[in-house]
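# My questions are about this predicted structure, shown below with the sequence.
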2 protein chains.
Amino acid sequence: MHTILRSRTGVEVIIGPDQPFVMIGERINPTGRKALAAEMLAGDYGRVKADALAQVEAGATVLDVNAGLGVANANELEPEVMVRAIEAVQSVVDAPLSVDSSVVAALRAGLQAAGGKPLVNSVTGEAERMEAVFPLIAEYRVAVIAMCNDETGISMDPKVRFGVAKKIVARAESFGIPRENILIDPLVMPAGAVRGSGAMVLDIVRWVREELGCNTVCGASNVSFGLPNREAINANFLAMLIGAGMTSAITNPLKQELKTAILAADMLMGHDEDCMRWLRYQRQLARAAAAAAAAASGEATATDERAARRAARRESRTSEG
Amino acid sequence: MHTILRSRTGVEVIIGPDQPFVMIGERINPTGRKALAAEMLAGDYGRVKADALAQVEAGATVLDVNAGLGVANANELEPEVMVRAIEAVQSVVDAPLSVDSSVVAALRAGLQAAGGKPLVNSVTGEAERMEAVFPLIAEYRVAVIAMCNDETGISMDPKVRFGVAKKIVARAESFGIPRENILIDPLVMPAGAVRGSGAMVLDIVRWVREELGCNTVCGASNVSFGLPNREAINANFLAMLIGAGMTSAITNPLKQELKTAILAADMLMGHDEDCMRWLRYQRQLARAAAAAAAAASGEATATDERAARRAARRESRTSEG
């Protein structure tokens, strides 16, 4: 089953078990980023544009846009800020977007501004939320992230969470929303607090794939909350998720360990023809390391420059374009 | 299902889907290590002992012992060399062994020397090999690694490889060998040559677990043959394998990325109570990094030494023993 997203101009991203893992860039989110929130509030979208460019450059093919500023009148401001943020992103990159808000009016404004076929982040199994969000999803014929919690909270029993996923899919279908437009998020709990939380997610991903056929998404980094060396935990967890059939994640493509894990796992799953993405990324890393070493030694010789030009020519010949 | 191995003195290692992943140390193997082969041929087992100690120190709980010297009369020499190597290992560590040879006389000599309940590495689905190895496995009541190839070679169809696993288990049972004493090796092919070779192994691991109930093992590093940054590929593959239910691997515990992947995956699967092994390993790495930095700066101050002593005391209090 393929979930197809589209940018305003028609650039398509396909999410599916036979496709490369889709990285949804998480950086355009003022939650916990005070400087970004202050800039957006002041109408300065320079950092939003820079984050959009950097994430696409690093391999994100979809960009999450969140406009929750965390101020007293945030809900009133959010639709307008969402539109401004989306316009800023679209002024520098041409990628499908994930419109991320708990405020339904901001989702609607974002969908209108985004155009194409964005992703909505998110709906839950709560009746009130489904009744508010599904009419929008049906009207705009877009895709939506479905989180496996409901009025009873987040269950520590993976079977209960899978039950919530089934309930959401059934309710969505009653609105005429096809299941290829639903990405199930099994919800990732911190492994330091919930023993075996990783295994629960792997089980839910397999059940979703086998019984519902839906594609899946998550924010993997919550798994390492409170533990040392979070990036190593998150990276290995992403590899395990891809091995179990997870098809996308909201993540930070600028983190080298995460990107390495995703590209290695994609290759091992057979989603990297002739290992070209892996080989190109390793060359990039090698060039960056060589450049850093040269800068550190302060001895960029003519030989180094010739080598760099040769490497750049090789790269341009093998680039995907 | 639990596969129980025992050292000569009774130290037990349990392999199973509800247990921490078992690292079988691969280093005591003269294949491709010319210096080691020359020393063993000359009767010098110093490096064998050092490798045994280092691997156990790094977290291997079972040690593979291979005595194939790659010389003209290797087969004649091998039983005697195997016995000497096992005695050398047992003189410094007390861990169950994996007796690794293609020469049946060397397996028999190794089993006699090892005592306890070692693992035999390995049998295949070839009729001749099964008829030669299974009587030994039954007589000594030990465990065996079963590789999923037979007279037809190694199939690129994972269903055929799984069929070989089923054939081996059935034939073993006719010798009175219970399936808890069989570790299935799905065979790992290079991802650079066989597209999706990783996904094939994940499928076979799941089928073996669901349909046969047997535990599994592999030599993961073959997956990265011919590709750059092999350790990152191998590490992410190990995490994916553990996520799919693989229970052990023949690997090098001295490689930091591999050990990190195994400990992270164990924790995420719920096989690391209170994340204690992860926390302890991160402290070890931090101490090693601090010591390296101190050595590099050449400024080991009294303050550093006091901090190191405090860290050592904390470590000893939280050690598994």
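Nice, I can see it. All of these numbers come straight from a predicted model, not from anything done at the bench. Numbering: from 1, shown residues only, chains lettered A, B, ... in the order given.
# contacting residues for A:W278?
A:W278 sits next to A:L263, A:A264, A:D266, A:M267, A:D272, B:L227, B:P228, B:I233 when contact means Cβ atoms under 8 Å, 6 or more residues apart in numbering or on different chains. Any C-beta I mention is one placed from the backbone N, CA and C, and that applies to glycine too.
# Looking at those residues, which are in strands?
With DSSP state E as the criterion, strands contain none of the contacts of A:W278.
# B:A52: which of these is nearest?
B:I233 (27.3 Å; Cβ to Cβ).
# mind listing what the closest one touches?
B:I233 touches A:A264, A:M267, A:L268, A:W278, B:A191, B:V223, B:S224, B:L227, counting by Cβ under 8 Å, 6+ apart.
# So for it, what pLDDT did the model give?
B:I233 is assigned 98 on the pLDDT scale.
# And for A:E76?
pLDDT at A:E76 comes out at 89.
# So which residues of the stretch 101-250 of chain A form strands?
Per DSSP state E, counting those that start in this stretch, the stretch 101-250 of chain A carries strands over the ranges A:119-123, A:143-147, A:182-185, A:215-216, A:248-251.
# hang on, isn't A:L258 packed against A:N234?
Yes: using Cβ atoms under 8 Å, A:L258 is in contact with A:N234, at 6.1 Å.
# list residues touching both of these two?
A:T251.
# The closest residue to A:G270 other than its chain neighbours: what's it in contact with?
Leaving out its chain neighbours, the residue that sits closest to A:G270 by Cβ to Cβ, 6 or more residues apart in numbering or on different chains is B:G196, at 2.5 Å. For B:G196, the contacting residues are A:L268, A:M269, A:G270, by Cβ under 8 Å, 6+ apart.
# Out of the contacts of B:I233, which end up buried?
A:A264, A:M267, A:L268, A:W278, B:A191, B:V223, B:S224, B:L227 (16 or more other Cβ atoms under 10 Å in any protein chain shown).
# I'd like those as a markdown table, with distance to B:V160 appended.
A markdown table is the format used below for these (distance: Cβ to Cβ, whole Å):
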| residue | distance to B:V160 |
| --- | --- |
| A:A264 | 26 |
| A:M267 | 23 |
| A:L268 | 20 |
| A:W278 | 27 |
| B:A191 | 19 |
| B:V223 | 19 |
| B:S224 | 24 |
| B:L227 | 25 |
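# Would you tell me which one of the residues you listed comes nearest to A:L285?
Set against A:L285, the nearest of those by Cβ to Cβ is A:W278 (10.8 Å).
# Once you drop chain neighbours, what's closest to the closest one?
In space, A:W278 is closest to A:M267, 4.8 Å off (Cβ to Cβ, 6+ apart).
# Using a markdown table, lay out the strands of the stretch 101-250 of chain A together with mean pLDDT, mean neighbour count and distance to A:A293.
Below are the strands of the stretch 101-250 of chain A laid out as a markdown table (pLDDT from 0 to 100; neighbours: other Cβ atoms under 10 Å in any protein chain shown; distance: least, Cβ to Cβ, whole Å):
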| stretch | mean pLDDT | mean neighbour count | distance to A:A293 |
| --- | --- | --- | --- |
| strand A:119-123 | 98 | 26 | 40 |
| strand A:143-147 | 98 | 25 | 42 |
| strand A:182-185 | 98 | 27 | 41 |
| strand A:215-216 | 98 | 28 | 40 |
| strand A:248-251 | 97 | 27 | 28 |
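# quick one on the thing from earlier: now render the contacts of A:W278 as JSON lines, adding distance to A:A244.
As requested, the contacts of A:W278 are arranged in JSON lines below (distance: Cβ to Cβ, whole Å):
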{"residue": "A:L263", "distance to A:A244": "17"}
{"residue": "A:A264", "distance to A:A244": "15"}
{"residue": "A:D266", "distance to A:A244": "14"}
{"residue": "A:M267", "distance to A:A244": "16"}
{"residue": "A:D272", "distance to A:A244": "18"}
{"residue": "B:L227", "distance to A:A244": "23"}
{"residue": "B:P228", "distance to A:A244": "26"}
{"residue": "B:I233", "distance to A:A244": "18"}
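# count of neighbours near the nearest residue to A:S155 once chain neighbours are set aside?
The shortest distance from A:S155 to any non-neighbouring residue, by Cβ to Cβ, 6+ apart, is to A:R161 (5.4 Å). A:R161 is flanked by 27 other residues according to other Cβ atoms under 10 Å in any protein chain shown.
# do the one 10 residues further on as well
Burial of A:R171 is recorded as 17 neighbouring residues (other Cβ under 10 Å).
# What about the contacts of B:I233, which are in helices?
A:A264, A:M267, A:L268, A:W278 (DSSP state H).
# which two in these are spaced the farthest apart?
Counting by Cβ to Cβ, the most remote pair of these is A:L268 and A:W278, 9.6 Å apart.
# circling back: for B:V71, find the nearest of the strands of the stretch 101-250 of chain A.
Evaluated with Cβ to Cβ, these place strand A:248-251 nearest to B:V71, the distance being 51.9 Å.
# Can you tell me which residues in the stretch 101-250 of chain A are near chain B?
A:191-192, A:195-199, A:202, A:223, A:227-229, A:232-233, A:235-237, A:239-244 (Cβ under 8 Å from any Cβ of the partner chain).
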